[in-house]
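Visitor: Next one to model:
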Amino acid sequence: MLAYSRSRFLVALLVIDAVACSDSRDEARTQPGGSNDPHAVGTAQDAYCTNHAITNVVVLPGTYHWENPLHLLDSTEGFGPRTLSMTISDSISPSASESSTYTPTSSEISSSVGYDLSATFSIDASSSILVPFGAYARLEAFATFQVTTWNIVGTNCFGAPDLGTGVSYKPVGVYFKTCQEYTCLMGGGVIGGGPVPSFPGSSGAAGGGGGGGGSTSTSSSGSGAGGA
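Guide: Modelled structure (predicted):
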């Protein structure tokens, strides 16, 4: 009888111990840091899968301008004999656009292209042309831009990597166009060669701009952090 009672007592202890071990293991799995915890250390997949970077930053050669009413800074015209003169003193903000599922912040773009997108850039220039007797001329001024292209590369853990492209425009000066007809054809042009990318908010550029006549001087400067 005594042996039987001891056996039942040992069996009861084993059952209690097994239950305690089972409960402690389940508790560990549901506590922070446990194997079932979705925020456990080492499960940073979300942060990795949504990481993006701006790479392949290239400053295109030459300067670019767009000839349309949106980018017209000033104009003057008249019949000769006269001298048409124009002085430009303006502040223009840079801009950027991208083609990607991810939209980088202005600070991310600024640190990549080397100037602050939130700054304004002052451009100062002057030009004058002599209009002969009986002739007609028109002088127009358009802002010129330095164009920088870049790529957006992102990690997508559940498919192909995210890829995109971007372009930014930094105001650097003034392009003067002279027309010796009653109307000036709108278009655009490149000084320095290379393709002309479309400008955000405009129809882009097409064709070559007319040459500026007379004497011309131009300068530009940036204000704000990261300005030229």
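
Visitor: Contacts for the helix or strand encompassing residue 90, please.
Guide: Residue 90 is located in strand 82-92, with elements delineated by DSSP states H and E. The contact list for strand 82-92, computed with Cβ atoms under 8 Å, 6 or more residues apart in numbering, reads 73-78, 120-131, 137-139, 141, 143, 171, 174, 176, 214, 218, 223. Using the backbone N, CA and C atoms, a C-beta is placed for each residue, glycine as well.

Visitor: shaky segments in the protein?
Guide: 1-50, 159-160, 182-183, 185-228 (pLDDT under 70).

Visitor: According to the record, where do the domains of the protein fall?
Guide: 1-43, 45-223 (automatic domain parsing).

Visitor: orientation of the host helix or strand of residue 150 relative to strand 82-92 in degrees?
Guide: When elements are assigned from DSSP H and E, residue 150 belongs to strand 136-154. On the basis of axes from the mean of the first three to the mean of the last three Cα atoms, to 10 degrees, strand 136-154 is oriented at 20 degrees to strand 82-92.

Visitor: Tell me where the protein has strands.
Guide: 52-59, 63-67, 72-79, 82-92, 95-99, 120-131, 136-154, 162-179, 187-191, 215-223 (DSSP state E).

Visitor: So which elements touch the second one?
Guide: Same thing as strand 63-67. strand 136-154, strand 162-179, strand 187-191 (3 or more Cβ pairs under 8 Å, 6 or more residues apart in numbering; DSSP states H and E).

Visitor: can you pull the contacts of residue 80?
Guide: Residue 80 neighbours (Cβ under 8 Å, 6+ apart): 130-137.

Visitor: what's the closest of those to residue 98?
Guide: residue 137 (40.7 Å; Cβ to Cβ).

Visitor: Quote the end-to-end distance of stretch 60-72.
Guide: The straight-line separation of the ends of stretch 60-72 (Cα to Cα, to the nearest Å) is 23 Å.

Visitor: just stretch 103-116 next, same as before
Guide: Start-to-end, stretch 103-116 (Cα to Cα) is 17 Å.

Visitor: how about it: buried residues?
Guide: 104, 109-110, 112-113, 115-116 (16 or more other Cβ atoms under 10 Å).

Visitor: Repeat that for stretch 59-76.
Guide: For stretch 59-76, by 16+ other Cβ under 10 Å, it's 60, 63-68, 71-73.

Visitor: Now for these: which two are most distant?
Guide: 60 and 72 (23.0 Å).

Visitor: So what pairs up with the closest residue to residue 175 other than its chain neighbours in the strands?
Guide: Spatial nearest neighbour of residue 175, chain neighbours left out: residue 65 (4.2 Å); criterion: Cβ to Cβ, 6 or more residues apart in numbering. As for beta bridges, residue 65 partners with residue 144, residue 189 under DSSP bridges.
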